[in-house]
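A.B. asks: requesting a structural model of the entry that follows:
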Amino acid sequence: MKKTTKFSPEVRERAVRMVFEQRGEHGSQWAAIESIAGKIGCSAQTLSNWVRRYERDTGQRDGVITAEAARVKELEREVRELKKANEILRLASAYFAQAELDRRNK
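C.D. replies: So this is what the prediction gives:
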């Protein structure tokens, strides 16, 4: 189930850009985040998450970048699907092997 996003990527990018532009006008980055979050209609924590993600993606902060996290998630999904397929094939081959043994005994 995919959650819907209330804010478009353009709005998110603009909000993050505003935080960096207005950081000097406020006492701290958090103060800038709170000010801008009120203007765009999101919570300060949400905007803070967007800023942290931008900082990780641009190398300003340590952590896994968004593209890598998406790739890992996709690979994990693929592994789950392959494990299911292998289990189905294993069970099918065991079934047909048993059927062949039963046929030879008759």
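A.B. asks: so the most centrally placed residue in the chain versus Ile40, what's the distance?
C.D. replies: Nearest to the geometric centre of the chain sits Ala70, at 5.1 Å (CA atoms, centre = their mean). Going from Ala70 to Ile40 by CB to CB, to the nearest Å gives 25 Å. The C-beta positions use only the backbone N, C-alpha and C, and glycine is treated the same way.
A.B. asks: do Gly59 as well
C.D. replies: 25 Å.
A.B. asks: Phe96 too?
C.D. replies: 61 Å.
A.B. asks: quickly list the domain ranges of the chain.
C.D. replies: 1-63, 66-106 (automatic domain parsing).
A.B. asks: possible to save the ones you listed as CSV with mean pLDDT?
C.D. replies: Output for those, formatted as CSV (pLDDT from 0 to 100):
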stretch, mean pLDDT
domain 1-63, 89
domain 66-106, 90
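A.B. asks: among those domains, which is the most enclosed?
C.D. replies: Comparing those by mean neighbour count (mean count of other CB atoms under 10 Å), domain 1-63 comes out on top with a mean of 14.
A.B. asks: and the longest helix along the chain, how far from the chain's centre?
C.D. replies: Taking DSSP state H as the criterion, the chain has its longest helix at helix 66-105. Using CA atoms, centre = their mean, to the nearest Å, the distance from the centre of helix 66-105 to the centre of the chain it belongs to is 26 Å.
A.B. asks: give me the phi and psi for His26.
C.D. replies: phi -120, psi 160 (degrees, to the nearest 10).
A.B. asks: excluding residues flanking it in the chain, which one is nearest it?
C.D. replies: Ala32 (4.2 Å; CB to CB, 6 or more residues apart in numbering).
A.B. asks: mind giving me the packing neighbours of the helix or strand that contains that neighbour?
C.D. replies: Following DSSP states H and E, one finds Ala32 within helix 29-40. Applying 3 or more CB pairs under 8 Å, 6 or more residues apart in numbering; DSSP states H and E, one finds that helix 29-40 makes contact with helix 9-22, helix 44-57.
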